[in-house]
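A.B. asks: Structure here, sequence nowhere to be found:
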């Protein structure tokens, strides 16, 4: 969930301005993270500070979420090149991968026959919607273009696609769907 917040806040609230302000089984989109540092190798000091700043700015006073954010993104810090959209792209990729794994587990629990707990079926449908090939391909494609386009020349259409995907993804976690993820 912290990853959703990072993507949401860095892309939406930051306005992309630097620095860091029960469905049939579908094919999973290929999501690729940037190169990570070798195990045990720390990123450069400047890259680490940049990631920490992004996480601190995006997650404000939520220290647990900030720590989670840093832990997930620090291995890729040197590839960001002080570009907050690249941070958002990596966070989205991590999120998509985690959501796809969660969806797979939910489908296993559900049994795949379309019957069972209605909440579980609803959650499966919601997660399938935000992790399908078209939705994730569009969002990651837009993030990729935004990451390589200079400030002031970024496409509002690409920003809109990313913001829509973030909103759709975030709805699952904030109770705006029939899917209830919290325990009663």
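C.D. replies: Looks like it came in fine. Fair warning: this is a prediction, and the values are worked out from it, not measured in the lab.
A.B. asks: Any stretches of this structure with poor pLDDT?
C.D. replies: 1-31, 112-115, 173-178, 180-184 (pLDDT under 70).
A.B. asks: the helices in it, which residues?
C.D. replies: Assigned by DSSP state H, the chain shows helices spanning 2-8, 45-59, 63-73, 77-80, 84-110, 118-131, 133-148, 156-173.
A.B. asks: Tell me who's in contact with residue 89.
C.D. replies: Contact partners of residue 89, counting by Cβ atoms under 8 Å, 6 or more residues apart in numbering, are 34, 140, 143, 144, 147. Quick note: C-beta positions are derived from backbone N, CA and C, even for glycine.
A.B. asks: Residue 94 and residue 36 touch, don't they?
C.D. replies: No: applying Cβ atoms under 8 Å as the test, residue 94 and residue 36 come out as separate, 11.2 Å apart.
A.B. asks: Looking at those two, which one has more neighbours?
C.D. replies: residue 94 (19 against 15; other Cβ atoms under 10 Å).
A.B. asks: Just want to check the distance between that one and residue 73.
C.D. replies: 8 Å (Cβ to Cβ, to the nearest Å).
A.B. asks: Ok, residue 103 next?
C.D. replies: Remark: distance between residue 103 and residue 73 (Cβ to Cβ) = 23 Å.
A.B. asks: Check residue 124 too.
C.D. replies: 28 Å.
A.B. asks: circling back to that earlier point, now for the contacts of residue 89, which sits with the most neighbours around it?
C.D. replies: Going by other Cβ under 10 Å, residue 143 tops the contacts of residue 89 with 25 neighbours.
A.B. asks: which residue packs closest to that residue, ignoring adjacent ones?
C.D. replies: Among residues not flanking residue 143 along the chain, residue 89 sits closest, at 4.2 Å (Cβ to Cβ, 6 or more residues apart in numbering).
A.B. asks: ok, the contacts of residue 89 vs residue 179, which is closest?
C.D. replies: Set against residue 179, the nearest of the contacts of residue 89 by Cβ to Cβ is residue 140 (22.9 Å).
A.B. asks: From residue 125, how far off is the closest one?
C.D. replies: Going from residue 140 to residue 125 by Cβ to Cβ gives 22 Å.
A.B. asks: Check residue 153 too.
C.D. replies: Distance from residue 153 to residue 125, by Cβ to Cβ: 38 Å.
A.B. asks: more neighbours, the two?
C.D. replies: residue 125 (15 against 6).
A.B. asks: Tell me, how many residues neighbour the spatially closest residue to residue 155 that is not a sequence neighbour?
C.D. replies: Nearest non-adjacent residue to residue 155, counting by Cβ to Cβ, 6+ apart: residue 145, 6.6 Å away. Neighbour count of residue 145, defined by other Cβ under 10 Å: 17.
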